[in-house]
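Peer 1: Quick one: sequence and predicted model below, then my questions.
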Amino acid sequence: MRDVLTTRGQAFVAAGITLALCGLGLGFVDITRVGVLLVALPLVAAFLARRQHAALQVERHLVPPRVSVDEPATVTVSVENAGERRSPLLLVEERLDYVLGDRPRFLLGAMQPGEGRQVDYAIRSHLRGRHRLGPLAVQLRDAFGLTTRFAEVGGYDEVVVLPRVEPLAGGRLAGQGLGQEGETPHMVALHGEDDQSIREYRDGDDLRRIHWPATARTGDLMVRQEDRPARRRAVLLLDPRVAAHRGSGAGSSFEWAVTAVASVLVHLAEAGFAVHLVSSESTRDGAVEVVPDTDAALDLLAEARTGGDGELDLLVHAAHVPASQGGLVVAVLADRDEEAVRQVASLRQPGSTGLAVVLDTATFGDRDAGSASRADPGSPGDDATAYADMLRIAGWHAVTVPAGQRVAGVWQALTARGVAAR
């Protein structure tokens, strides 16, 4: 909270000091008094402005509650006078991160105690992540316009901007080697509970489902239970090495990788896969944490950050546990470090399916700079091609991706290479 003299207030002070000095120098008492009065007026106005305390209660509501990159949203700010006196006319500015758009300004009319106002404004972010909304910056002016008082009221809220998710199509990921989720193969329900094909009779069970051979063998009534469809497993790996990626902001290779991982994650979850996300945010103490649902996984990807060169080694080590049980393995990698690519290649188990996207990072970044981009960004670089070939030799299906490619097109090409149901 701070008080500032307006231009008018500064003019009063300057004129007052000038008149007071002239009056003292020339011996004119009346001029001196006028000068002192002009200097005193802004001080008195500032004192009176301090007594105008705006006790405001602020709440925010976001619609829709979850937003993705470049998706518009509306923020409703509810302001209530929580004080015991009538609030003055207020000029208010909503402080928010600049990636969300311009900071809105609006006037709040005088409010009686308990009275409230609502103001709506729109936000849109081209960058994923966690961004701040608030606090409100309130500007109070005295009746003479000599001083302005600035104060921040209310706290701040956060909006999580999710990565962009592209709808994907392509080969049907079914058939051999895709694994199941849980301890009992082929007998795990969509919610993770083990199914038993035969169980004890319970009151209300259909008598036509009694399994007589099992009843004779156990001496208790046993009934058949239809198996629910098993849930297939997929391991999804995101390469976070800061030295391996190129570019900055929304056009960087890392942002493309995050978009690809988010799109594949949603696609596989909708196809019935139990997806194990392997990223720096989902790994703790060398183990992959269980992410309860797709929304929680997207929240983690919204805050995905790059890390050191050793980060990928830790993630590959953690991914070996879920990958060792079979299933689909999908990796989005940068084209750097042959040894790291070999480690990723070891994740695919015999009989399972491995899909790899190798980013041609030299094509990402500032094309105008010319230092990191090739003349033909549409053709894959030597490193990306070599690493993709290494993965193919290890039994993976791999594609190289230069800048400017859509995730949907890359996935279509990747799943068309023999990944459809066999």
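Peer 2: Done, it's in.
Peer 1: Which stretches in the stretch 251-400 of the chain count as helices?
Peer 2: For the stretch 251-400 of the chain, the helices defined by DSSP state H, counting those that start in this stretch occupy 253-270, 294-302, 311-323, 338-345, 382-393.
Peer 1: Deepest in the core, which of these is it.
Peer 2: helix 253-270 (a mean of 23; mean count of other Cβ atoms under 10 Å). C-betas here are computed from N, CA, C, even on glycine.
Peer 1: how about low-confidence regions in the stretch 51-200 of the chain?
Peer 2: Low-confidence segments of the stretch 51-200 of the chain, defined by pLDDT under 70, span residues 52-53, 170-197.
Peer 1: Mind doing that once more with 90?
Peer 2: When residues are selected by pLDDT under 90, those of the stretch 51-200 of the chain lie in 51-55, 83-90, 139-151, 154, 169-200.
Peer 1: Strands of that one, residue ranges please.
Peer 2: For the stretch 51-200 of the chain, the strands identified by DSSP state E, counting those that start in this stretch occupy 56-63, 67-68, 73-81, 90-96, 105-108, 116-123, 129-141, 147-153, 157-162, 198-200, in order along the chain.
Peer 1: in its sheet, what does the third one sit against?
Peer 2: In its sheet, strand 73-81 lies beside strand 56-63 (antiparallel), strand 116-123 (antiparallel), with partners assigned from DSSP bridges.
Peer 1: Show me what Arg132 is bridged to.
Peer 2: Note on Arg132: beta-bridge partners Glu158, judged by DSSP bridges.
Peer 1: So in this structure, which helix runs the longest?
Peer 2: Here the longest helix in the chain is taken by residue count, with DSSP state H as the criterion, and it is helix 29-50.
Peer 1: if we can go back for a sec, out of the strands paired with strand 73-81, which gets nearest to Leu333?
Peer 2: strand 116-123 (33.5 Å; Cβ to Cβ).
Peer 1: what's the spacing between the closest one and its chain's center?
Peer 2: Averaging C-alpha coordinates over strand 116-123 and over its chain gives two centres that are 23 Å apart (Cα atoms, centre = their mean, to the nearest Å).
Peer 1: Rebuild the strands paired with strand 73-81 as JSON lines, extending it with mean neighbour count and distance to Leu38.
Peer 2: What follows is these, written out as JSON lines (neighbours: other Cβ atoms under 10 Å; distance: least, Cβ to Cβ, whole Å):
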{"stretch": "strand 56-63", "mean neighbour count": "16", "distance to Leu38": "33"}
{"stretch": "strand 116-123", "mean neighbour count": "16", "distance to Leu38": "37"}
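Peer 1: Leu328 is nearest to which of those strands?
Peer 2: With Cβ to Cβ as the criterion, Leu328 lies closest to strand 56-63 of the strands paired with strand 73-81, at 35.0 Å.
Peer 1: Run through who's touching the closest one.
Peer 2: For strand 56-63, the surrounding residues in contact (Cβ atoms under 8 Å, 6 or more residues apart in numbering) are 73-83, 87, 133-136, 138, 153-155, 157, 159.
Peer 1: mind redoing it with 6 Å?
Peer 2: Residues from elsewhere that reach strand 56-63 (Cβ atoms under 6 Å, 6 or more residues apart in numbering): 73-80, 82, 133, 136, 153-154, 157, 159.
Peer 1: From those, list the buried ones, please.
Peer 2: With burial judged by 16 or more other Cβ atoms under 10 Å, the buried subset of these is 73, 75, 77, 79-80, 82, 133, 136, 153-154, 157, 159.
Peer 1: could these go into TSV alongside distance to Glu303?
Peer 2: Output for the buried ones among the contacts of strand 56-63, formatted as TSV (distance: Cβ to Cβ, whole Å):
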residue	distance to Glu303
Ala73	18
Val75	20
Val77	25
Val79	30
Glu80	32
Ala82	34
Leu133	17
Leu136	26
Val153	28
Gly154	24
Asp157	16
Val159	12
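Peer 1: Show me the two of these that sit farthest apart.
Peer 2: For the buried ones among the contacts of strand 56-63, the farthest-apart pair by Cβ to Cβ is Ala73 and Ala82; their separation is 26.9 Å.
Peer 1: Report the contact partners of Leu301.
Peer 2: For Leu301, the contacting residues are 163, 258, 262, taking Cβ under 6 Å, 6+ apart as the criterion.
Peer 1: and the residue nearest to Phe273 when sequence neighbours are not counted, how far is that from Leu315?
Peer 2: With sequence-adjacent residues excluded and distances taken as Cβ to Cβ, 6 or more residues apart in numbering, Phe273 is closest to Ala234, at 4.3 Å. When distances are taken as Cβ to Cβ, to the nearest Å, Ala234 and Leu315 turn out to be 16 Å apart.
Peer 1: Figure out how far stretch 338-350 is from the centre of its chain.
Peer 2: Once both centres are worked out by Cα atoms, centre = their mean, stretch 338-350 turns out to sit 29 Å from its chain's centre.
Peer 1: which residues touch it?
Peer 2: If you take Cβ under 6 Å, 6+ apart as the criterion, stretch 338-350 is touched by 312, 316, 319, 323, 326, 329, 331, 354, 387, 390-391, 394-396.
Peer 1: how's the chain carved up into domains?
Peer 2: According to automatic domain parsing, the chain comprises the domains 2-50, 56-162, 232-415.
Peer 1: May I see those domains organised as a markdown table, with distance to Pro213 added?
Peer 2: Output for the domains of the chain, formatted as a markdown table (distance: least, Cβ to Cβ, whole Å):
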| stretch | distance to Pro213 |
| --- | --- |
| domain 2-50 | 86 |
| domain 56-162 | 52 |
| domain 232-415 | 32 |
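Peer 1: most packed of these?
Peer 2: With neighbours defined by mean count of other Cβ under 10 Å, none of the domains of the chain is more surrounded on average than domain 232-415, at a mean of 19.
Peer 1: avg pLDDT for it?
Peer 2: Throughout domain 232-415, pLDDT has a mean value of 90.
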